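*Asks:* structure for this input, please:
(2 chains)
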Amino acid sequence: MSTSDLHLYNTADRTVSKFTPLVPGKVGIYLCGATVQAPPHIGHIRSGVNFDILRRWLAASGYDVTFIRNVTDIDDKILHKAVHEEIPWWAVAMKYERAFSDAYAALNVLPPTYEPRATGHISQMIQLMQILIDNGSAYAPGNGDVYLNVRSLKEYLTLSGQKLDDLQPAEDADLTFKKDPRDFALWKGAKPGDPSWPTPWGDGRPGWHLECSAMAHTYLGESFDIHGGGLDLVFPHHENEIAQSTAAGWGFSKIWMHNAWVTTSGEKMSKSLGNSLQVQELLKKVRGIELRWYLGSAHYRSMLEFSFEALEEASVNFRRIEGFLNRASEILGGEIIPSISAEFSIAMNDDLAVPAGLASISEEVKLGNTAISANDDKALAVHAGRVRGALQILGCDPFDPVFASTSGASTEIIDGLISLALEQREAARARKDFSTSDSIRDHIAGLGITLEDTPSGPRWSISTALPKEKGN
RNA sequence: GGUCGGAUGGCCGAGAGGCGAGGCUCAGGACUGCAAAUCCUGCCACACGGGUUCAAAUCCCGUUCCGACCUCCA
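*Replies:* Okay, here's the model as predicted:
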């Protein structure tokens, strides 16, 4: 069913329209990944989650998806950090690249098809600059820099809808080498002590924008379907990518998708405090699957106002769904076969309307629970399958091995110990010694284990990944 | 100054002219030894002022407030 009815919002024309891939059955996506100069915060990872959901939905819709997410491993901030931390720049880049990889893995963001690093594509960047210089779109003033001549472009700033002359001119740039203050650097001439690579125009290092044009071209060709990134990349980064690539004669991306921010106190995160909303910190409070559920639950184009209360609420909501799937799995005595309901499909096809999809999941959970009460295993299998299928698209399938927190061996031991306690509790209940049975229950609950008495006997589940530690 | 978004119940969050998405919280009920889990019921909101319409949260005009981008940004 590669002829899906998917509609997507395109920043380029600010409308939602039907998605038609350039090559039937295939989709190429380029997502601007991280500049690895600090640990990832949830804003970074939201972008990863949002586009991971897009990717999973495309795949589920029958498309063969090539998903590229780059790593910017050379830039001013990395260089500054290297000086500050007194380690080589490449050690800074690797340290934070690993931090990002860990965060992506913890939130079940699938590894991209290819994950190119900027420094691994210098020759492709030089080739692109050569094309641009040869056709008069770019110039090398002789100091090692290479600039794009924005006045030479047929079109510029089409994504952000701005006028070149309305832009506040950059103050920092050494205007001496630029023909126009709005020209931007493709390549930055080497400064003493900084890493550099040789080019026909002198030694230097890549400008930020050039990297993505070169890497997208390398892995996806001259034209591809979707280019994604955070809303703040629209200008200048994506405008400049478009400028470079189209000036080279490439078709470049057909659809531009931008995720909104995670905000705190109504403001973009990076503007507010240097805060503690790093992924690793939050994973001490909630499980990765719950953090993902939270970040993925809002529509990707809506601002997500972060609060610990909202995060906790999302966790509670998710556990309800997870609890249902666990119950269903035990009752059905086997793996739940995932399926996609019509409601969920319609929601996702409407520019990834996850919130509407969530409503359909809630409905299926309710129907499934009702089926359990009615001992209707056939209906239960249907509803549980739809819930699991939807969760898989959202990357929140609790049965996904990615989220298994304990090894099989230790789970068996725990299971044995809990069962022992439960047997004693049942014995106490049988002789109406409720103070003893409740004491056992309270003790188990204190360990973060939830007990449910079902018609077929008590069952237990770990309610949190970590011992309860209430804070915030 | 230019460009672009946003304002929905106690809270989070959809929707985009007419049946009040969904979740969380709270209250009541069923079930339970008591709980938990689950189900049922209840809680009738769309920044403000005008207008259009049989009908407006949704369309139009105006206002207020909040935010983003304008060469570091997810």
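*Asks:* use CA for all of it now, contacts and neighbours both
*Replies:* OK.
*Asks:* which residues in the stretch 251-400 of chain A form helices?
*Replies:* Remark: helices assigned in the stretch 251-400 of chain A by DSSP state H, counting those that start in this stretch are A:279-282, A:288-297, A:308-332, A:342-349, A:354-373, A:377-393.
*Asks:* pull out the buried positions in the last one.
*Replies:* By neighbour count with 16 or more other Cα atoms under 10 Å, helix A:377-393 contains the buried residues A:377, A:379-393.
*Asks:* just give me the neighbour total for the closest residue to RNA strand B within chain A.
*Replies:* Nearest residue of chain A to RNA strand B, counting by Cα to the nearest atom of the strand: A:Gly230, 2.3 Å away. Look at A:Gly230: counted by other Cα atoms under 10 Å, it has 21 neighbours.
*Asks:* ok, it to A:Thr264 distance?
*Replies:* 16 Å (Cα to Cα, to the nearest Å).
*Asks:* what's the burial count for A:Trp261?
*Replies:* Counted with other Cα under 10 Å, A:Trp261 comes out at 25.
*Asks:* ok, now A:Arg301?
*Replies:* A:Arg301, neighbours per other Cα under 10 Å, totals 18.
*Asks:* where are the low-confidence patches of the stretch 351-472 of chain A?
*Replies:* Segments of the stretch 351-472 of chain A classed as low confidence (criterion: pLDDT under 70) are A:405-409, A:463-472.
*Asks:* which of the helices of the stretch 251-400 of chain A sits closest to A:Ser437?
*Replies:* Within these, the stretch nearest A:Ser437 is helix A:308-332; the backing value is 23.0 Å (Cα to Cα).
*Asks:* so that closest one, near RNA strand B or not?
*Replies:* Yes - applying Cα under 7 Å from any atom of the strand, one finds helix A:308-332 in contact with RNA strand B at A:309-310, A:313-314, A:316-317, A:320-321, A:323-324.
*Asks:* that helix versus helix A:354-373: what angle between them?
*Replies:* Relative orientation of helix A:308-332 and helix A:354-373, computed by axes from the mean of the first three to the mean of the last three Cα atoms, to 10 degrees: 40 degrees.
*Asks:* show me where pLDDT drops low in the stretch 201-350 of chain A?
*Replies:* Scanning the stretch 201-350 of chain A for pLDDT under 70 picks out the ranges A:270-276.
*Asks:* check contacts around the closest residue to A:Trp261 other than its chain neighbours.
*Replies:* Distances taken as Cα to Cα, 6 or more residues apart in numbering put A:Met303 closest to A:Trp261, at 5.2 Å, once the chain neighbours are dropped. Neighbouring residues of A:Met303 by Cα atoms under 8 Å, 6 or more residues apart in numbering: A:260-263.
*Asks:* now do the domain split for chain A, please.
*Replies:* Domain ranges of chain A: A:7-259, A:305-403, A:410-462, per automatic domain parsing.
*Asks:* how far does the longest one stretch from start to finish?
*Replies:* Taking Cα to Cα, the span from the opening residue of domain A:7-259 to its closing residue is 16 Å.
*Asks:* what about that domain, distance to the chain center?
*Replies:* Relative to the chain's own centre, domain A:7-259 is displaced by 17 Å; criterion: Cα atoms, centre = their mean, to the nearest Å.
*Asks:* so which of the contacts of A:Met303 are in strands?
*Replies:* A:262-263 (DSSP state E).
*Asks:* what about RNA strand B: which of the contacts of A:Met303 touch it?
*Replies:* A:260-263.
*Asks:* look up the closest residue to A:Ala216, ignoring the ones flanking it.
*Replies:* A:Tyr30 is the one closest to A:Ala216 (Cα to Cα, 6+ apart), at 6.4 Å.
*Asks:* and that neighbour, what is it in contact with?
*Replies:* A:67-69, A:216, A:220, A:226-228.
*Asks:* try it again at 6 Å.
*Replies:* A:Tyr30 makes contact with A:68-69, A:227, according to Cα atoms under 6 Å, 6 or more residues apart in numbering.
*Asks:* buried subset of these?
*Replies:* A:68-69, A:227.
*Asks:* are any of the residues of helix A:308-332 next to RNA strand B buried, and which?
*Replies:* For the residues of helix A:308-332 next to RNA strand B, a burial check counting by 16+ other Cα under 10 Å picks out A:314, A:321, A:324.
*Asks:* these into CSV, with extra columns for distance to A:Gln162?
*Replies:* Below are these laid out as CSV (distance: Cα to Cα, whole Å):
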residue, distance to A:Gln162
A:Ala314, 38
A:Ile321, 45
A:Phe324, 50
